[in-house]
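Colleague: Coordinates only, no sequence provided:
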């Protein structure tokens, strides 16, 4: 499995955790022409999809089937669409790794389209923004620059949108979502070469989260040499449960 894909899987799980903490305070947009969709769609599919990312093919299929079923009933359910996109990008990575380029490229392009279409439908829904950011920052991290930079730019836009949505109540967020937001922004800014903005986010984490693992990691990054290879993954991320637990 390619290194960028492993990073993507870690961040998808991290993103799911952040989304759970944030979406209670974010405004969701529901198209008026659609029937009411399933609330918190991530709760329907995340355990199967997480377990699928960890190697359970049957669980991954269940998660994908649940996305497809929901989208047949509600074609504009952005949360189902973004999770389907995440599965497709993951599956594309497996196909690339196996050298099956003919099958990988269509899966890759349809997965990215799902991610982008979901954002167009509900641009202010963190339950959509976070999964896309997680997938794209993982994919863009180690991709060739010509391919990786556009992906990272979209991930940056996702994180910045989430930060803007949470600006009024940022101080009320818990340690985990606030720390992941600061470190996620610092990471994507660094990857895009914006050292000043990356430093701002690290300094904000140090100031806002004293005595936490986020303060420790932020200080480590602030003290790192320019050539250091840094990579953030979720701190204290939950372990997906198995079905029935």
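Modeller: Ah, there it is. Everything quoted here is computed from the prediction, not taken from an experiment. Numbering: from 1, shown residues only.
Colleague: How is the protein partitioned into domains?
Modeller: 3-28+39-168, 174-234 (automatic domain parsing).
Colleague: most packed of these?
Modeller: domain 3-28+39-168 (a mean of 20; mean count of other CB atoms under 10 Å). C-betas here are computed from N, CA, C, even on glycine.
Colleague: What helix or strand is the residue nearest the centre of the chain located in?
Modeller: Centroid-nearest residue in the chain, with CA atoms, centre = their mean: residue 134, separated by 2.2 Å. Assigned by DSSP states H and E, residue 134 belongs to helix 126-141.
Colleague: which residues are contacting the helix or strand just after that helix?
Modeller: Following helix 126-141 in sequence order, the next helix or strand is helix 145-165 (DSSP H and E). With CB atoms under 8 Å, 6 or more residues apart in numbering as the test, helix 145-165 has contacts from 22, 26-27, 116, 119, 123-124, 126, 129-130, 132-133, 136-137, 139-143, 170, 181, 184-185, 188-189, 191-192.
Colleague: Below-threshold pLDDT in this structure: ranges please.
Modeller: For the chain, the stretches flagged by pLDDT under 70 are 1-39, 236-245.
Colleague: for it, what spans make up the helices?
Modeller: Secondary structure of the chain, counting by DSSP state H: helices at 3-22, 41-53, 57-73, 78-97, 101-121, 126-141, 145-165, 175-191, 195-208, 213-223.
Colleague: quick one, which of these is nearest to residue 232?
Modeller: Residue 232 lies closest, by CB to CB, to one member of these: helix 175-191, at 4.4 Å.
Colleague: So which elements touch the closest one?
Modeller: helix 3-22, helix 126-141, helix 145-165, helix 195-208, helix 213-223 (3 or more CB pairs under 8 Å, 6 or more residues apart in numbering; DSSP states H and E).
Colleague: quick one: it to helix 126-141, angle?
Modeller: Angle between the axes of helix 175-191 and helix 126-141 is 40 degrees (criterion: axes from the mean of the first three to the mean of the last three CA atoms, to 10 degrees).
Colleague: pretty sure residue 76 contacts residue 121?
Modeller: Yes - using CB atoms under 8 Å, residue 76 is in contact with residue 121, at 5.5 Å.
Colleague: ok, residue 191 - contacts?
Modeller: 137, 140, 141, 152.
Colleague: Apply 10 Å and report the result again.
Modeller: 137, 140-142, 148-149, 151-152, 155-156, 198, 230-231 (CB atoms under 10 Å, 6 or more residues apart in numbering).
Colleague: now these in CSV, with distance to residue 87?
Modeller: Formatted as CSV, the contacts of residue 191 follow (distance: CB to CB, whole Å):
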residue, distance to residue 87
137, 17
140, 18
141, 19
142, 20
148, 21
149, 24
151, 17
152, 21
155, 18
156, 23
198, 30
230, 28
231, 23
